[in-house]
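Chemist: What would the 3D arrangement of this be:
(chains A and B)
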2 protein chains.
Amino acid sequence: MTVSSEYSLEHLISKRAAGRKKIHFATALTEGAPHGYIPHKEPLYMSGGMPNVGFFPVDSISVGVADYPFQKQFELTHSNGSLEALSKDLKKLDVQAESTKKVEIAKIGTDKNLIDIRQGLQYSHWNGMEQLLEFTKDFITRTHPPAHSDWSTILTTGAGDGILKCMDSVLDKDDVVLMEEFTFTPSLMMIRETGATGVPIKLKVSSDSEGIDLEYLTDLLENWETLKPGLKKPKALYTIPTGQNPTGLTQSLEFRKKIYALAEKYDFIIIEDDPYGYLTLPPFKQPEGTQSLDEFLTVDEYIKDHLTPSYLEIDTSARVLRIETFSKLFAPGLRVGFIVGHKRLIDVIAAYSVIVTKFPSGVAQTVLQNVLFQKFGGVEGWLQWILKLRSAYIHRRNLLLHELTQASAYQKGLIDVIDPQAGMFVSVVLKFPEGTDVSEKITLLNWKFSAYGVSVVPGLNMAVDKEFSASRGNFYRLTFVPLNTDAEVIEGAKRFAAAVDDFFAKGLEF
Amino acid sequence: MTVSSEYSLEHLISKRAAGRKKIHFATALTEGAPHGYIPHKEPLYMSGGMPNVGFFPVDSISVGVADYPFQKQFELTHSNGSLEALSKDLKKLDVQAESTKKVEIAKIGTDKNLIDIRQGLQYSHWNGMEQLLEFTKDFITRTHPPAHSDWSTILTTGAGDGILKCMDSVLDKDDVVLMEEFTFTPSLMMIRETGATGVPIKLKVSSDSEGIDLEYLTDLLENWETLKPGLKKPKALYTIPTGQNPTGLTQSLEFRKKIYALAEKYDFIIIEDDPYGYLTLPPFKQPEGTQSLDEFLTVDEYIKDHLTPSYLEIDTSARVLRIETFSKLFAPGLRVGFIVGHKRLIDVIAAYSVIVTKFPSGVAQTVLQNVLFQKFGGVEGWLQWILKLRSAYIHRRNLLLHELTQASAYQKGLIDVIDPQAGMFVSVVLKFPEGTDVSEKITLLNWKFSAYGVSVVPGLNMAVDKEFSASRGNFYRLTFVPLNTDAEVIEGAKRFAAAVDDFFAKGLEF
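Modeler: Numbers count the residues shown, from 1 in each chain, chains lettered A, B, ... in the order given. Below is the predicted model of the structure:
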């Protein structure tokens, strides 16, 4: 592993991560050739225990792909309105004949963009297969071009793995990472592995908010020694800046610039976790029957006007690690994602990947890469799929918000609804009377939702520190993605609102 | 995670591993239901961010499977003699019509043994999908039934991941694990992660050996404080007991019983790494043209008379962790393997899996499970495939040993060849004159092999401690598995032997 002494943020890399060495029994002869040595033109490899492709029981893989989400060709027990009733607009959806919808993966192929069985089912490099790594670079160049040129990518086995590796690369024992007070709490497990501490920063959970309480954060950093005695200065900020989990809030470019200025001033890394930021959502409007395809954007319009810029795009000092995943855009079962960051950080992560990952499943990489290229033709076609997915998301978000805002609980002012600009989460804020014991009432209300038959996540369950966040934990995270049909989205919203109504009517008792 | 206070070896579990807690924002309501609460009959899940199957671009997956290794249907640039010329015996190979060789994976299926797209591409449990876990249990029950009944299995992302997780579950900082002095050295990276130390134990690298130098080990354990001052007593032994990597040696059941007695006496865990032990090899005999199918065994014969018992089968005190992988039997690109051990150890490993793996790729699990059941019909059929693979291995091993033992280097007594009883590695011992600087000559000889066009692994490259093992490092690991054809196996052996001949003829100089 080349250690570039030039990376100016070397001091932010964890000692543990920087100290890892790859151990292998490499046979490559590099220097000290004896006099008269001439390399053989056609060497035979009897060194690596890599079974020849002839030993694999798989000869070919064929993947049937959809033209758009919820396509009719598969049978659900209920109908789905999102994109199902669009038969008259099928041309816009590029619907293909059955015969052309198969992605065929050969045992031994010739197209260099594709991954064949021989490559895909073999051992491969921990950074990821070359073709897919190339795709991730092209994709980032198109969507979120970094402000510096010394960046690279490495595949992960999904966003969780990305979080683990980013945390590991920065945090040593007793180090500190800042986190949104309500967040993807499994990341706390990753932080605990490093021996570091996650310190929550306040969020503003309201419709006009961009998430992080900037005044709180600024003050905290300015007065760190006083406010957090005994804790080291933070080495990183872990943030989900777009469609934040669980609040659904999104940081604008201007907001990010302010956070980035703090990162430069107080010298910390920004770990940007963005699992569903590509699924941008325009402001809520009442749904008009099924989703209209007129709202479909071109890829250029989407990137220019709809996609929120990543921290990468303002990352002039190369302090951003961006975590992406194919879980929400393709499927979670793939277990494929990637990290973008300065080459030195990516190298450090690679040395950990050899140990904890070896390499993401080759079967998954193969299916993904071949669908990306055979079906979608690469980056532009993949963005077209994302636009279709986005359209289905918008439709469902609209249905959910329509139903919630029409409900009596909303009309009476018992709840507020945060309209997300991206992603899959809608937060509903409970407007408890001043002085309410939020934690107690949330616990009771959970039973009410269960009795009404709707499973939702209390914001407080996703707090880094429940005590610290108790007074701001008066909200629930709802998502429309797991449900089968439009009807279920509508019914779920009705149940939720009715449960709230009932709870308030009974004086915040069950 | 249930902590069973009953596991008698709790003191051997690492503090780090035992201390892990799973963190999730579960919404399950378990206790404290308010008066009058009645659970809803048909709840709607708006909690988890698990995209509905309708959002996945994949509608179906079809896998074309082979009837036997190196089947003609795919094109290699060279012909292969292993099982290719068997057209007259095709019935024995159960060759199927093209149309019946497809394993079809549906978007939504009904067969409970199979994994459909809806399940396979979704998030799933870190232990592994239920169907595949069931298979691993059935497989172990058939092949290596443990001596105690409190065992379970957990999926890994391959043997490397299995090693990491076993090491992690046992070793804390400054702990000690014993290892064969020549071994799969990447395991040293896994050990380093825990802060523990790997201590090499001597091997006997010769044809009549079973690997570990039992006298050395016994003496070492008896006199640990004197021989290894300052080092803690070992908490584990990491061993590759069948077709050992790199030596190819195999421990008999009697030998294992002796090692196990030491494990009980000195109270350590046995981590049994067995990636290719199922590929048993009868004693070498001169090959007679192509492999004869008459050598095919029944599954019962194979298990009764050929498969070396696992440490599991004598594990009366539940101190064995067995690492398996589908990498060599199916394909490395799957990234699926599993660990077998006492339930408490498996639970401890599960808590780590949530962090470092989340779950093995669902696409890989899906392809694997459906091939195992649709094509092979479960455990018995899978063992049939292993027997076919074994047959191809035997054939190649015979070709290699035939060629090596016919070569002038062997006839002159310059090399000895270790006939492996299992696996993919053949060790060739160089018979240097007494007093030779093995390390220096091996380095020089590496260049000779390179010049002759054959890539092999010097045993010394796989030493835990090159200095400790220098005098026993006079051997090379050869494998026949990566090569395309029989002709290449023969040619590789020729080149190897010729290089040795040349090297000795020049007085151990290049």
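Chemist: Isn't residue A:490 up against residue A:396?
Modeler: No - the pair residue A:490 / residue A:396 is not scored as a contact, 10.0 Å apart, by CB atoms under 8 Å. Using the backbone N, CA and C atoms, a C-beta is placed for each residue, glycine as well.
Chemist: between these two, which one's more packed in?
Modeler: Of the pair residue A:490 and residue A:396, residue A:396 is the one with more neighbours under other CB atoms under 10 Å in any protein chain shown, namely 28 against 18.
Chemist: Next up, the contacts around that one.
Modeler: Taking CB atoms under 8 Å, 6 or more residues apart in numbering or on different chains as the criterion, residue A:396 is in contact with A:82, A:480-481, A:483, A:486, A:489.
Chemist: biggest separation within those residues, which pair?
Modeler: Greatest spatial distance in the contacts of residue A:396: A:481 and A:486, 12.9 Å, computed using CB to CB.
Chemist: per-residue pLDDT, the most centrally placed residue in chain A?
Modeler: Per CA atoms, centre = their mean, the C-alpha nearest to the average position across chain A is that of residue A:275, at 1.3 Å. Here, the pLDDT recorded for residue A:275 equals 97.
Chemist: The one 5 residues further on now?
Modeler: At residue A:280, the model reports a pLDDT of 96.
Chemist: for residue A:24, same thing?
Modeler: At residue A:24, pLDDT is 76.
Chemist: tell me the secondary structure for it?
Modeler: coil (DSSP: H, G, I helix; E, B strand; the rest coil).
Chemist: For it, which non-adjacent residue is closest in space?
Modeler: Distance criterion CB to CB, 6 or more residues apart in numbering or on different chains; nearest residue to residue A:24, sequence neighbours excluded, is residue B:186 at 6.0 Å.
Chemist: What's the mean pLDDT across the lengthiest helix in chain A?
Modeler: Ranked by number of residues, the top helix in chain A under DSSP state H is helix A:379-406. What helix A:379-406 shows for mean pLDDT is 93.
Chemist: Could I get the buried residue list for it?
Modeler: Across helix A:379-406, burial judged by 16 or more other CB atoms under 10 Å in any protein chain shown covers A:379, A:381-405.
Chemist: got it, and stretch A:487-500?
Modeler: A:488-500.
Chemist: Closest one of those to chain B?
Modeler: residue A:492 (4.3 Å; CB to the nearest CB).
Chemist: which residues touch the closest one?
Modeler: Listed by CB under 8 Å, 6+ apart, the contact partners of residue A:492 are A:400, A:454, A:478, A:480, A:483, B:44, B:46.
Chemist: which element is the residue nearest to the centre of chain A on?
Modeler: Under DSSP states H and E, no helix or strand contains residue A:275.
Chemist: residues in contact with it?
Modeler: Residue A:275 makes contact with A:159, A:240, A:245, A:323-325, A:327-328, A:423, according to CB under 8 Å, 6+ apart.
Chemist: From chain B, how far off is residue A:433?
Modeler: According to CB to the nearest CB, to the nearest Å, residue A:433 and chain B sit 20 Å apart.
Chemist: Count residues in the vicinity of that residue, would you?
Modeler: Other residues within reach of residue A:433, judged by other CB under 10 Å, total 8.
Chemist: again with residue A:368
Modeler: 26.
Chemist: quick one: it from residue A:326, how far?
Modeler: Distance, residue A:368 to residue A:326, using CB to CB, to the nearest Å: 6 Å.
Chemist: pLDDT (mean, whole number) over the longest strand out of those in chain A?
Modeler: Ranked by number of residues, the top strand in chain A under DSSP state E is strand A:58-65. Taken as a whole, strand A:58-65 has a mean pLDDT of 95.
Chemist: Sheet-wise, list the partners of that strand with their directions.
Modeler: strand A:102-105 (antiparallel), strand B:58-65 (antiparallel) (DSSP bridges).
Chemist: What residue in the stretch 1-150 of chain A comes nearest to chain B?
Modeler: For the stretch 1-150 of chain A, CB to the nearest CB, closest residue to chain B: residue A:40, 3.0 Å.
Chemist: Could you confirm that residue falls within a helix?
Modeler: No - secondary structure of residue A:40 (three-state DSSP): coil, not part of a helix.
Chemist: quick revisit: got the buried residues of stretch A:487-500 as TSV, with secondary structure and pLDDT columns?
Modeler: Conversion of the buried residues of stretch A:487-500 to TSV gives the following (DSSP: H, G, I helix; E, B strand; the rest coil; pLDDT from 0 to 100):
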residue	secondary structure	pLDDT
A:488	helix	94
A:489	helix	94
A:490	helix	94
A:491	helix	97
A:492	helix	98
A:493	helix	98
A:494	helix	98
A:495	helix	98
A:496	helix	98
A:497	helix	98
A:498	helix	98
A:499	helix	98
A:500	helix	98
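Chemist: Give the residue spans of the stretch 151-300 of chain A that score low on pLDDT.
Modeler: A:287-295 (pLDDT under 70).
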